[in-house]
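Student: Give me a 3D structure for the following:
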Amino acid sequence: MRIVADLHLHSKFSRATSREMDVETLAKWCALKGITVVGTGDFTHPVWMRELRTKLRPNGHGLYTFGTQHFMLSSEVSNIYPQGGRLRKIHNILLAPSLEVVDRINAVLARFGSLMADGRPTLSLPSDKLVEYVMEISPDCMVIPAHVWTPWFSLYGSNSGFDSLRECFGDQARHIHAVETGLSSDPPMNWRIAELDSVMLVSNSDAHSPAKLGREANVFECPLEYGEILGALRGRDRSKFLSTIEFFPEEGKYHFDGHRACNQRLSPRETKAHRGICPACGRPLTVGVLSRVAALASREDGVPETGRVPFRHLIPLEEIMAEALGAQPGSGAVREEYLKLVSALGNEFAVLMDVPLDEVARHTRPRVVEGVRRMRQGQVHIRPGYDGVFGEIRIFGGAAEEPKVDQPAQTSLF
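Tutor: Residues are numbered from 1 along each chain as shown. Modelled structure (predicted):
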């Protein structure tokens, strides 16, 4: 069966996360989005684990259910430790096949940091030791380096990361079968790194609120089983791992270099011209993903897509609607239009990718339809994100395209 999986997110027990990130609301929004399997997030947190035990039921194949929604046991941990004369800050995603295995993982991780303090705990544990301990507990677990290009907390991060998988994980790199590309990079950027040819590139939302679910995701064709999904990743099986759903990477908040305090947004070329120094204050710039990829790349840009897992850039439907209606994402008018459209056509992914535009036009305003069309064709304008500031993405532009919010829905696109 076709499975859309979003395996990295956070519960209401993580810092800076919506109180609505509970089991019921996750299940509701997964149905709206079209997500088949969603990560639980934060399985290291004791209170969240009690809630998961109470509300989820095993499906008999390594996944858990709430109503018709399937969950995979997942968590993100922050590994902070000295290595090679530098302080390293690496985030890693853990996947587990059962609550019993999670209990054993948590018993070990509790020796290295407080699991109650945050849904994403900080551990004084090197990344290679994390992998070693988790894989000793169960070979059916999986460790995936999270958002691997983020400057501050990732495998390749310019400020606290490493230059290779082996430098980070040592001989435990043999257990790393996938890496998460993160919002600020997309597959073609990662194809420039030769060592990543040996792993799968996965994409997840890292959602902190329900509406952000599915902004990145993975598409499988396999039975609805934990082992089948992990097997597709471990075996790099392109007949089962069909594609990824991606942010436009420029919209990610670390795509370009820059200095947020001085409102300085720089391309890699501009950063070189300024020798990595903020032209406004003279302090070092935060080196973003585009520059970091270029620094580690073993290939030129424009790597052929032949033999690669396909991908598709999308913009969340509420963002398209907000611009079309001249409102804010999540506002009453946008949410009403969103719920009406996805209820009529099945789910958000169907609207964004599959449903013919003339059918979309029967259920929403012409300007929304035009926004979906432009997004499908990549006709967008983006000011790249930098130093923790999300990029600004525009579908419409200019005074001639200012929204007319009272325009009624049409019955045909043409």
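Student: beta partners for Ile80?
Tutor: Lys89 (DSSP bridges).
Student: ok, how many other residues are close to it?
Tutor: Close neighbours of Ile80, defined as other Cβ atoms under 10 Å, add up to 19. C-beta here means a position set from N, CA and C on the backbone, and glycine is covered the same way.
Student: do the same with His10
Tutor: So His10, with other Cβ under 10 Å, has 27 neighbours.
Student: That one is in contact with Arg120, isn't it?
Tutor: Yes - counting by Cβ atoms under 8 Å, His10 touches Arg120, with 6.5 Å between them.
Student: Could you identify the helix or strand that succeeds the lengthiest helix in the chain?
Tutor: Ranked by residue count and defined by DSSP state H, the top helix of the chain is helix 332-345. Using DSSP states H and E, the helix or strand that follows helix 332-345 in sequence is helix 348-349.
Student: Contacts for that following helix, please.
Tutor: 4, 32-34, 214, 245, 316-317, 338, 342 (Cβ atoms under 8 Å, 6 or more residues apart in numbering).
Student: From Trp149, how far off is the closest residue to Leu196 other than its chain neighbours?
Tutor: The shortest distance from Leu196 to any non-neighbouring residue, by Cβ to Cβ, 6 or more residues apart in numbering, is to Asn190 (5.3 Å). For Asn190, the distance to Trp149 (Cβ to Cβ, to the nearest Å) stands at 8 Å.
Student: you'd agree Asp128 is up against Gly170?
Tutor: Yes - with contact defined as Cβ under 8 Å, Asp128 reaches Gly170; the gap is 4.4 Å.
Student: tell me the domain ranges of this protein?
Tutor: 2-251, 316-401 (automatic domain parsing).
Student: Check the ones you listed for me and report the most buried one.
Tutor: domain 2-251 (a mean of 20; mean count of other Cβ atoms under 10 Å).
Student: Report the mean per-residue pLDDT for that one.
Tutor: Mean per-residue pLDDT for domain 2-251: 98.
Student: ok, now stretch 266-279?
Tutor: Throughout stretch 266-279, pLDDT has a mean value of 97.
Student: shaky segments in the stretch 301-414 of the chain?
Tutor: Scanning the stretch 301-414 of the chain with the threshold set as pLDDT under 70 gives 398-414.
Student: got the residue ranges for the helices in it?
Tutor: Applying DSSP state H, counting those that start in this stretch to the stretch 301-414 of the chain gives helices spanning 317-325, 332-345, 348-349, 357-360, 366-376.
Student: So which elements touch the first one?
Tutor: To tie it back to what came earlier, the one meant is helix 317-325. helix 332-345, helix 366-376 (3 or more Cβ pairs under 8 Å, 6 or more residues apart in numbering; DSSP states H and E).
Student: of these, which approaches Ala324 most closely?
Tutor: Counting by Cβ to Cβ, Ala324 lies closest to helix 366-376 out of these; the figure is 4.2 Å.
Student: picking up where we left off before, which among the domains of the chain is found nearest to Asn263?
Tutor: Closest among the domains of the chain, once you apply Cβ to Cβ, is domain 316-401, at 8.8 Å.
Student: tell me how far that closest one is from the chain's mean position?
Tutor: 19 Å (Cα atoms, centre = their mean, to the nearest Å).
Student: Helices along the stretch 151-300 of the chain, start to end?
Tutor: Counting by DSSP H, counting those that start in this stretch, the helices of the stretch 151-300 of the chain are 165-169, 187-190, 226-234, 268-273, 289-296.
Student: which helices and strands sit right next to the second one?
Tutor: Helix 187-190 is packed against helix 289-296, with contacts defined by 3+ Cβ pairs under 8 Å, 6+ apart.
Student: Remind me what the helix it packs on packs against, helices and strands.
Tutor: Going by 3+ Cβ pairs under 8 Å, 6+ apart, helix 289-296 lies up against helix 187-190, helix 268-273.
Student: Redo those as TSV? Include distance to Asp387.
Tutor: Converted to TSV, these look like this (distance: least, Cβ to Cβ, whole Å):
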stretch	distance to Asp387
helix 187-190	18
helix 268-273	12
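Student: Run a quick neighbour tally on Arg308.
Tutor: For Arg308, using other Cβ under 10 Å, the count is 15.
Student: Stretch 244-255 spans what distance, first to last residue?
Tutor: One end of stretch 244-255 sits 19 Å from the other (Cα to Cα, to the nearest Å).
Student: that older thread, next, format the helices and strands packed on helix 317-325 as JSON lines and append distance to Glu323.
Tutor: As requested, the helices and strands packed on helix 317-325 are arranged in JSON lines below (distance: least, Cβ to Cβ, whole Å):
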{"stretch": "helix 332-345", "distance to Glu323": "10"}
{"stretch": "helix 366-376", "distance to Glu323": "7"}
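Student: Can you tell me which of the ones you listed is nearest to Thr40?
Tutor: Nearest of the helices and strands packed on helix 317-325 (Cβ to Cβ): helix 332-345, 23.6 Å.
Student: just the angle between the closest one and helix 366-376, please?
Tutor: If you take axes from the mean of the first three to the mean of the last three Cα atoms, to 10 degrees, helix 332-345 sits at 70 degrees to helix 366-376.
Student: Quick one: list the elements packing against helix 332-345.
Tutor: helix 317-325, helix 357-360.
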